[in-house]
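*Asks:* model this:
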Amino acid sequence: MADRPLGVAVIGYSFMGKAHSNAWRNVGAFYPDAPAVRQQVLVGRDEAAVGEAAARYGWAEAATDWRDVVEREDIDIVDVCTPGHLHAEVALAALAAGKHVLVEKPLANTVAECEQLVAAAASSAGRSMLGFNYRRVPALALARQLIADGRIGEVRQARLAYLQDWLTDAAAPMTWRLRKETAGSGALGDLGSHAVDQLQWLLDERVTAARGELRTFMTEREGDAGREPVTVDDAAWATLHTRSEVVASLEVSRVAAGRKNALSVELYGTAGSIRFDLERLNELVLTEGTGPTAGATQVLVTEDDHPYVEAWWPPGHTLGWDHTFTSQTADLLRAIRTGGEVAPTFEDGLAVQRVLAAIETSNERGGAPVDTGN
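*Replies:* Alright, predicted model coming up:
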């Protein structure tokens, strides 16, 4: 392994497979200190489609059987970008084969599967990382630093929302994301997982209790075989409590008209506040001080001393959503090279899944508070 580039296999070639392929293709150009990689194989069920995608995204070959691929000696890293119901099966096989594993969020569809993955990762020779790419947004990484440095004092409350509108149209077709057996949950798992991870990561503590409500506004959609029931949520709301008794409100929706990819984070402390919106991902709003003279500063997070920025463009030149995946890949490769810690870990993914499960349970109990077990 040391004498050749690390062989990479990405399992899944659609939306996330494309984003991760872009990262593997570019990581060496922007992070030359990371170990060299070879884009060995892209895996998908449709032979023609995955072959076309492999050629377009720069992979040496395409394959349709992930089981054979994870056992291959020329594969060192397995990157799991499948629908959620396959995450655990693929990742467990890759870990058993001693591979390094990157799993796109959420870690799995259930707490039990996440617990299996945490145990497998602990006993595997490979390194394991979970793909919460928004940890690599420079503005959010800077926010974490500012909070840790005490710039906004003791955080008391938070507001998090992740709003999209791609399901607002009742004529939008059925997809795997709308079936519980493949997606696990709807907006809650798809978007809420990002928001919960941000809260726990920014504060460096776990959510211990949650109460929530889920809603499915369009209970049927048109599929290949006619009308099908939608078995996941379109939107969710929750109140979360952390170990230090920070209270956070959470709202996620895929039917919020006019909001395209709006992850917003607001944290309010005893000495100031921080605000962020993914639709303006290069900006962070910092307020220091309280009372009538307190003022907000809009920070353009593009300076060389800001997190992750140095690898990219001169100061003032903004980054995009795709850059986060490349930085994520670089962090994994550096950890493989040095034997250092990876983040987020599978334990982080389990902690998020416990919160999501608690919100679902609370909804089933009419909004009663539920301990997360974190």
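*Asks:* contacts and neighbour counts: CA atoms only from here.
*Replies:* OK.
*Asks:* May I have the strands that pair with the helix or strand where residue 268 lies, each with its orientation?
*Replies:* Residue 268 is part of strand 262-269, with elements assigned from DSSP states H and E. In the sheet containing strand 262-269, the strands it pairs with under DSSP bridges are strand 155-163 (antiparallel), strand 272-277 (antiparallel).
*Asks:* what's the neighbour count on residue 141?
*Replies:* Close neighbours of residue 141, defined as other CA atoms under 10 Å, add up to 18.
*Asks:* CA-only coordinates of the strand or helix carrying it in CSV, if you can.
*Replies:* In this structure, residue 141 is located in helix 138-148 according to DSSP H and E. As requested, C-alpha coordinates have been extracted for helix 138-148 and formatted as CSV (Å, rounded to 0.1, in the frame of the first residue of the first chain):
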residue,chain,number,x,y,z
PRO,A,138,-15.0,27.6,6.7
ALA,A,139,-17.6,29.9,8.3
LEU,A,140,-19.0,27.1,10.5
ALA,A,141,-15.5,25.9,11.4
LEU,A,142,-14.7,29.5,12.4
ALA,A,143,-17.9,29.6,14.4
ARG,A,144,-16.8,26.6,16.4
GLN,A,145,-13.5,28.2,17.1
LEU,A,146,-15.2,31.5,18.3
ILE,A,147,-17.5,29.6,20.6
ALA,A,148,-14.7,27.5,22.1
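*Asks:* so what secondary structure elements neighbour it?
*Replies:* Using 3 or more CA pairs under 8 Å, 6 or more residues apart in numbering; DSSP states H and E, the elements in contact with helix 138-148 are helix 193-203, strand 272-277, strand 283-288.
*Asks:* Could I get the full set of helices for the stretch 201-350 of the chain?
*Replies:* Using DSSP state H, counting those that start in this stretch, the helices found in the stretch 201-350 of the chain span residues 321-338, 346-364.
*Asks:* and the first one, average pLDDT?
*Replies:* Averaged across helix 321-338, the pLDDT comes to 97.
*Asks:* Report the angle between it and helix 138-148.
*Replies:* Interaxial angle of helix 321-338 relative to helix 138-148 (axes from the mean of the first three to the mean of the last three CA atoms, to 10 degrees): 60 degrees.
*Asks:* Quick one: list the elements packing against helix 321-338.
*Replies:* For helix 321-338, the helices and strands in contact under the criterion 3+ CA pairs under 8 Å, 6+ apart are helix 15-30.
*Asks:* Quick check: buried residues in the helix it packs on?
*Replies:* Buried residues in helix 15-30, counted by 16 or more other CA atoms under 10 Å: 16-28, 30.
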